[in-house]
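Enquirer: Quick one: sequence and predicted model below, then my questions.
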Amino acid sequence: MGMDVTGKAPKSEAGEYFRATVWTWRPLALLLQDLYPDLTEKVQYLHSNDGDGLEAEDADELGRRIARDLRDDTVLTWIRERDAAMAAVPDEACQWCVGTGTRTDEVGVTNGMVEKGWCNGCDGKGQVRPFVTSYTLDFEDVEEFAAFVASSGGFEVW
């Protein structure tokens, strides 16, 4: 599952298409909402693939602002702060072994996990990283999106 973002009137090949997995799109959309709320508030369904997006003038402005913020480390700072916040989120009990490290449900019994004292959900640790920490964003993702937006002539998120 991912988000396919298509240019409405691409000015170059870079503005034709941008794709992000759902794991990357969510933090990218959050970055856009945090740094450019006046533009992203115009996109009612930024976190879904309903075809919502921006018209050319707003997309051009978004592209200019992202490019500026890539150069002055605003984007890098946002990513680093988010990464630090995600790293600080504490582990949680594994849902399969309920934090014991041994899976004792039907699957655990059938597959010999009880005898091994092991859980396939947490590798026997009893703890897992929270789901929210699965979402990642790299500087390069933002660079690629900035190049797309700047050349998109407006865009739609599908």
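Expert: Received it, and whenever you're ready, just let me know what you need.
Enquirer: can you tell me which residues contact residue 133?
Expert: Taking Cβ atoms under 8 Å, 6 or more residues apart in numbering, we find residue 133 in contact with 86, 89. All C-beta atoms are positioned from the backbone trio N, CA, C, and that covers glycine.
Enquirer: how close does it sit to residue 85?
Expert: Using Cβ to Cβ, to the nearest Å, one gets 10 Å for the distance from residue 133 to residue 85.
Enquirer: Helices of the chain, residue ranges please.
Expert: Assigned by DSSP state H, the helices in the chain fall at 22-35, 37-40, 56-71, 74-88, 106-110, 113-116, 139-152.
Enquirer: low pLDDT regions in this protein?
Expert: Counting by pLDDT under 70, the chain shows no low-confidence range.
Enquirer: 90 instead?
Expert: 1 (pLDDT under 90).
Enquirer: May I see the domains of it written out as residue ranges?
Expert: Here the domain parsing of the chain from automatic domain parsing is 2-86+135-157, 91-128.
Enquirer: re earlier: can you add mean neighbour count and distance to residue 7 and give the helices of the chain back as CSV?
Expert: Listed next are these as CSV, based on neighbours: other Cβ atoms under 10 Å; distance: least, Cβ to Cβ, whole Å:
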stretch, mean neighbour count, distance to residue 7
helix 22-35, 18, 16
helix 37-40, 14, 16
helix 56-71, 17, 8
helix 74-88, 14, 21
helix 106-110, 12, 46
helix 113-116, 15, 50
helix 139-152, 20, 4
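Enquirer: So which residue is dead centre in the chain?
Expert: In the chain, the centroid-proximal residue (Cα atoms, centre = their mean) is residue 24; its distance is 2.7 Å.
Enquirer: wait, which of the helices of the chain is closest to residue 46?
Expert: Nearest of those to residue 46, taken as Cβ to Cβ: helix 22-35 at 4.9 Å.
Enquirer: what's in contact with that closest one?
Expert: So helix 22-35 is contacted by 1-3, 20, 39-40, 46-47, 62, 65-66, 69, 74-75, 78-79, 82, 134-138, 141-142, 145 (Cβ under 8 Å, 6+ apart).
Enquirer: tilt between that helix and helix 56-71?
Expert: 90 degrees (axes from the mean of the first three to the mean of the last three Cα atoms, to 10 degrees).
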